[in-house]
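Asker: please work out how this folds:
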Amino acid sequence: MVSDYLDTRQLEAFVAVVSIGSITGAAKALGKSQPVVTRLIQDLEGEIGFALLHRNGPRITPTEKGVAFFAQAELFLSGLRTISESARHIRAARRTAIEVAAIPAIASSLLPRALAALPADRFPDHVHLQSISSENVVQAVMAGTADLGAVSLPLDNPGIDIHWLGEVPCVAVVAEDHPLAQKAVISAEDLAGHRLIASANPFRLRMRINDVLSSLGVDLSSVIDSNATYVSLSLARMGLGIAIVESITLWGLPVEGVRVLPLSFHIPFQWGLVTAAGRPVIFEVEQLVATARQMVADIPQAVVYDKISQIPVSD
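Answerer: Numbers count the residues shown, from 1 in each chain. Next up is the predicted model:
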């Protein structure tokens, strides 16, 4: 039976080994001996009841379950570091450390610009902006390891408060020498016979893409999946297909060597900024939320909503 509370030293040892790739490197980084690090991980495996690492001499790789566990352990330890940083600021009679968890599209575009727009005299002393999946963002916000979250829709969780929501249209992205690069607009017919590149999560933007393209008769048998827009853009730049992506990443992180083309049909990408329900929102988070909302006005074709019920229902 797994204990309700795991030893943070064991978690730290495991995360260090996976991150660095060896027991030796992890031991050096942690300031511990190799036998101590090995024992900590063995004790952790005994506690949780499954193997975390494949051991082949000096080579260490995580098991399939180890990969899943690593994501959660890393998220937990990140939260602990934020709490520790907050404690130092509280001791100094100030609270200017914030933890932000966001999906890659917002972490690489809107939030960096919003942070850059904050007044210098009010900029938090410490900011941790991590790029993770929507599911993990919600979990981090509810667990209190993130002060602010940016998630994609659909979103229906009573444990979080939505401050505002944004929407941008999806676009097509192709390499500059692609046969469709000189088109003014990409239609469903233009996609025929071409490999598509799209987000992998079947329950979020990919679900909208599949629904719209299927309704238009587009063949989806040849697709490259990716877990982030910037990965899709890189694939498109190499001529591997037509990327159907949200446009906010391109606004925040322009990519050379590609052509960005509007679609003749509408596929909306929607996201929201959220905090934990029932918990006070500190000033530093409030100012970031407000500044980010103001920045949306600079995004082409972007729309802002105050609540989910204002978003038009797609046909």
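Asker: ok, what's across the strand from Gln270?
Answerer: Gln270 has these beta-bridge partners by DSSP bridges: Glu167.
Asker: I'd guessed it sits against Leu165; true?
Answerer: Yes - using C-beta atoms under 8 Å, Gln270 is in contact with Leu165, at 6.1 Å. From N, CA and C alone the C-beta is placed, and that goes for glycine too.
Asker: residue boundaries of the helices in the stretch 1-150 of the chain?
Answerer: 8-20, 23-30, 34-48, 64-91, 104-107, 110-117, 134-143 (DSSP state H, counting those that start in this stretch).
Asker: deepest in the core, which of those helices is it.
Answerer: Ranked by mean neighbour count, these are led by helix 104-107 with a mean of 24 (mean count of other C-beta atoms under 10 Å).
Asker: identify the contacts common to Gln270 and Leu165.
Answerer: Each of Leu153, Ile311 lies in contact with both Gln270 and Leu165 under the rule C-beta atoms under 8 Å, 6 or more residues apart in numbering.
Asker: any stretches of the stretch 201-315 of the chain with poor pLDDT?
Answerer: 314-315 (pLDDT under 70).
Asker: show me the strands in it, by range?
Answerer: Along the stretch 201-315 of the chain, counting by DSSP state E, counting those that start in this stretch, strands occupy 223-226, 242-246, 258-262, 268-276, 303-305.
Asker: tell me the domain ranges of this structure?
Answerer: Following automatic domain parsing, the chain resolves into domains at 1-94, 95-165+270-307, 167-269.
Asker: so which of these is nearest Val313?
Answerer: Proximity to Val313 (C-beta to C-beta) singles out domain 167-269 among those, at 10.9 Å.
Asker: quick check: pLDDT value at Gln42.
Answerer: Confidence at Gln42, expressed as pLDDT, is 92.
Asker: that one and Glu64: what is the separation?
Answerer: 19 Å (C-beta to C-beta, to the nearest Å).
Asker: next: Thr249.
Answerer: Applying C-beta to C-beta to Thr249 and Glu64 gives a distance of 29 Å.
Asker: mind checking how far the residue of the chain positioned farthest from its centre is from Gln42?
Answerer: Taking C-alpha atoms, centre = their mean, the residue of the chain most remote from its mean C-alpha position is Pro35, at 35.5 Å. Computed as C-beta to C-beta, the Pro35 to Gln42 distance reads 10 Å.
Asker: for Val212, same thing?
Answerer: Using C-beta to C-beta, Val212 is found at 50 Å from Gln42.
Asker: surely Leu216 touches Ala188?
Answerer: Yes - using C-beta under 8 Å, Leu216 is in contact with Ala188, at 3.8 Å.
Asker: roughly how far does Gln72 sit from Thr275?
Answerer: Counting by C-beta to C-beta, the gap from Gln72 to Thr275 is 21 Å.
Asker: next one: Glu12
Answerer: 28 Å.
Asker: same thing with Ala297?
Answerer: 22 Å.
Asker: out of those two, which sits in the busier spot?
Answerer: The neighbour comparison of Ala297 against Thr275 (other C-beta atoms under 10 Å) goes to Thr275, with 22 against 8.
Asker: which residues touch the more buried one?
Answerer: With C-beta under 8 Å, 6+ apart, Thr275 has these contacts: Val141, Asp147, Leu148, Gly149, Ile160, Asp161, His163, Val281, Val285.
Asker: residues contacting the second one?
Answerer: Yep, that's Asp147 we're talking about. For Asp147, the contact set (C-beta under 8 Å, 6+ apart) comprises Thr82, Ile98, Glu99, Val100, Thr275, Val281, Ile282, Glu284, Val285.
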